[in-house]
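Mind folding the following:
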Amino acid sequence: MFEYSEGNKYFRSLIQQNIGPYLGSKTKAEKGEEIARLVELVQKASPSGGFVKKSPKGRWYRIKDSEARDKVGHAIRKAAQRLEQTKPKLAARLKLEHVQRSEERRVGKSVDLGGRRI
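Numbers count the residues shown, from 1 in each chain. A predicted model of the protein is given here:
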């Protein structure tokens, strides 16, 4: 029932769209940054401020940021693992593309001095 809500549809599509950056993250810290970025995107897109949960009394409440990060982390790890198992070539390509884009941004920022490349 809830998996068909607009917020949950958005969340699942956001996870799918960001598997590449997650797979391309080299360190635990980088993966954490990706997860935090996704939490922030959901919170900004949501009229209620992000992730909600239904209490035993039937009332909805916003969950803590740490719970939201856990939820996003679990969802993206599961999606990445599923992609690596079912479509390993696609997973490898997405990872490589993200690594290349990250490297281009890093190098471009550090060596571009007034239009001159050093």
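
Tell me how far Lys78 lies from Pro47.
Distance, Lys78 to Pro47, by CB to CB, to the nearest Å: 27 Å. C-beta coordinates here come from the backbone N, C-alpha and C atoms, glycine included.

and those two? which has more neighbours close in?
Per other CB atoms under 10 Å, whichever of Lys78 and Pro47 has more neighbours is Lys78, with 11 against 6.

and the more buried one, which of the three is it?
Secondary structure, DSSP: H, G, I helix; E, B strand; the rest coil: Lys78 is helix.

ok, now Gly50?
Per three-state DSSP, the local secondary structure of Gly50 is coil.

With adjacent residues omitted, what lies nearest to it?
Nearest non-adjacent residue to Gly50, counting by CB to CB, 6 or more residues apart in numbering: Gln43, 3.7 Å away.

so after the helix or strand hosting that neighbour, what's the next helix or strand?
Take DSSP states H and E as the rule and Gln43 turns out to sit in helix 28-45. Where DSSP H and E defines the elements, the next helix or strand beyond helix 28-45 is strand 52-54.

Show me what that following strand is in contact with.
Gly7, Trp60, Tyr61, Arg62, Ile63, Glu67 (CB atoms under 8 Å, 6 or more residues apart in numbering).

Helices along this protein, start to end?
For the chain, the helices defined by DSSP state H cover 6-17, 19-24, 28-45, 65-86, 88-111.

Count the neighbours of Lys31 for me.
19.

Please read off the pLDDT at it from the model.
Lys31 carries a pLDDT score of 94 in this model.

my read: it touches Ser25, true?
Yes. Counting by CB atoms under 8 Å, Ser25 is a contact partner of Lys31 at 4.4 Å.
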